[in-house]
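> pasting the structure only:
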């Protein structure tokens, strides 16, 4: 590949943030941070609790879970929730579907938890889908709804009726229609489709999951640290607060985003928007002479994280660096996945016209460098 040319300013997208997380934040979300008596005040007082109440109610409206399900918040991100699940949701043994790095990390967390039996893993190569099969003696099944590292999306399903189903939805929650009747914990961080910052996890928990926290907390000899105690998170969430001081800016931005999502068509509207944008990327790759979608099965391609594999003639790392020098940032692949990739996010906050502009910039560069 020859030297990449300067990109004409008129060709660039209006906003160059295409990262798979943290994601683009809308200006209105940042403006919401100026609300008086919120930032820099106690999270146990009415102004901040009002933000939490708005967020929880908005998420309940967005997802429409079955009766009895609760929206619960806790300190830390999805990584903290994995530890909390090992402490408060898995009684003895969990089984995992692993088809990328984030599913693998949760499985590793369970494997390293001393009070749990050896984790069971059903695994597929990067770019393909694994589903977890029912097993004797398993009381919790876990899989990602969308694997951020590879761009593979999974259907929602319940592997066994007598066990909990835990679904990592970090990179797709808020961007795809869901029926949570077959899920006991649909959990996510807020720095993806919700366009917020880190520091918190959210989980929509079924009555069975809520009951399981009490079972685990009462098991003889089990140590459940207070910050990982989902029972404590449930109690605090019912009061519209968290155990420890939360990332208040994340709460404010997420509440504004959820309100915008609900006013803009809800999950159906968000899903249609991101699918239109990601379809542009996949079609571009299929039409290209030097690129292709990394996920071969079109039914399994993520609507929010489009991973594109390039032929050896293209130096994808050099292309990503060149785009960054022009203000188009964070299109790098996930470390250790694929050989020569770009990973382009198409979150609800990203206009389709900016995705079109990004693809035009890539075409402009490759036409002059190959």
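Yep, that arrived. Not measured: the values here are computed from a predicted model. Numbers count the residues shown, from 1 in each chain.

> tell me which element residue 203 is part of?
strand 200-205 (DSSP states H and E).

> List the pairing partners of that strand within its sheet, with orientation.
Sheet pairing of strand 200-205 (DSSP bridges) gives strand 70-75 (antiparallel), strand 185-189 (antiparallel).

> Which residues does it contact?
Under the contact criterion Cβ atoms under 8 Å, 6 or more residues apart in numbering, strand 200-205 has outside partners 59, 63, 65, 69-78, 80-81, 173, 180, 183-190, 230, 234, 242, 246-247, 250-251, 254. C-beta coordinates here come from the backbone N, C-alpha and C atoms, glycine included.

> the helices in the stretch 101-250 of the chain, which residues?
Here the stretch 101-250 of the chain has its helices, by DSSP state H, counting those that start in this stretch, at 101-111, 207-217, 230-238, 248-263.

> which of the residues in the longest helix along the chain are buried?
When the chain is parsed with DSSP state H, its longest helix is helix 266-287. The neighbour-count check on helix 266-287 (16 or more other Cβ atoms under 10 Å) flags 266-267, 270-271, 273-275, 277-282, 284-285 as buried.

> if we can go back for a sec, nearest approach to residue 198 belongs to which of the helices of the stretch 101-250 of the chain?
helix 248-263 (6.8 Å; Cβ to Cβ).

> what angle sits between the closest one and helix 266-287?
90 degrees (axes from the mean of the first three to the mean of the last three Cα atoms, to 10 degrees).

> got the end-to-end distance for stretch 257-269?
14 Å (Cα to Cα, to the nearest Å).

> which residues sit against it?
Contacts for stretch 257-269 (Cβ under 8 Å, 6+ apart): 26, 28-29, 54-55, 58-59, 61-63, 174-178, 194-196, 270, 272, 348-349.

> 10 Å instead, please
Residues from elsewhere that reach stretch 257-269 (Cβ atoms under 10 Å, 6 or more residues apart in numbering): 23, 25-26, 28-29, 32, 54-64, 173-178, 190, 193-196, 270-273, 348-349.

> so where's the protein shaky on pLDDT?
Along the chain, the model assigns pLDDT under 70 to no residue.

> Outline the domain layout of it.
17-24+266-367, 28-263 (the TED database).

> Residue 31 should be in a strand, yeah?
No. Going by DSSP: H, G, I helix; E, B strand; the rest coil, the assignment for residue 31 is helix, not a strand.

> burial measure for it, as a count.
Using other Cβ atoms under 10 Å, residue 31 has 11 neighbouring residues.

> give me every residue that touches it.
253, 256.

> do the same with residue 27
Taking Cβ under 10 Å, 6+ apart, we find residue 27 in contact with 15, 349.

> if I look at it, how far off is residue 45?
According to Cβ to Cβ, to the nearest Å, residue 27 stands 28 Å off from residue 45.

> swap in residue 287?
56 Å.

> try residue 280
Counting by Cβ to Cβ, the gap from residue 280 to residue 45 is 46 Å.

> With residue 38 instead?
10 Å.

> of these two, who's got more company?
residue 38 (19 against 12).

> quick one: contacts for the more buried one?
Residue 38 touches 32, 45, 47-48, 50-51, 248-249, 251-252, counting by Cβ under 10 Å, 6+ apart.

> What does it show for phi and psi?
Per-residue torsions, residue 38: phi -120, psi -70 (degrees, to the nearest 10).

> Leaving out sequence neighbours, find the closest residue to residue 133.
Distance criterion Cβ to Cβ, 6 or more residues apart in numbering; nearest residue to residue 133, sequence neighbours excluded, is residue 122 at 6.0 Å.

> and what of residue 61?
The shortest distance from residue 61 to any non-neighbouring residue, by Cβ to Cβ, 6+ apart, is to residue 262 (5.5 Å).

> Repeat that for residue 189.
For residue 189, the spatially nearest residue (Cβ to Cβ, 6+ apart) is residue 77, at 4.3 Å.

> try residue 118
residue 111 is the one closest to residue 118 (Cβ to Cβ, 6+ apart), at 6.8 Å.

> Just confirm that neighbour contacts residue 90, I think it does.
No. Counting by Cβ atoms under 10 Å, residue 111 does not reach residue 90; the two are 11.5 Å apart.

> Quick check: neighbours shared by these two?
The contact lists of residue 111 and residue 90 share 117, 119, where a contact means Cβ under 10 Å, 6+ apart.

> Mind checking which of these two has more residues around it?
Using other Cβ under 10 Å as the criterion, residue 111 and residue 90 rank with residue 90 on top: 24 against 16.
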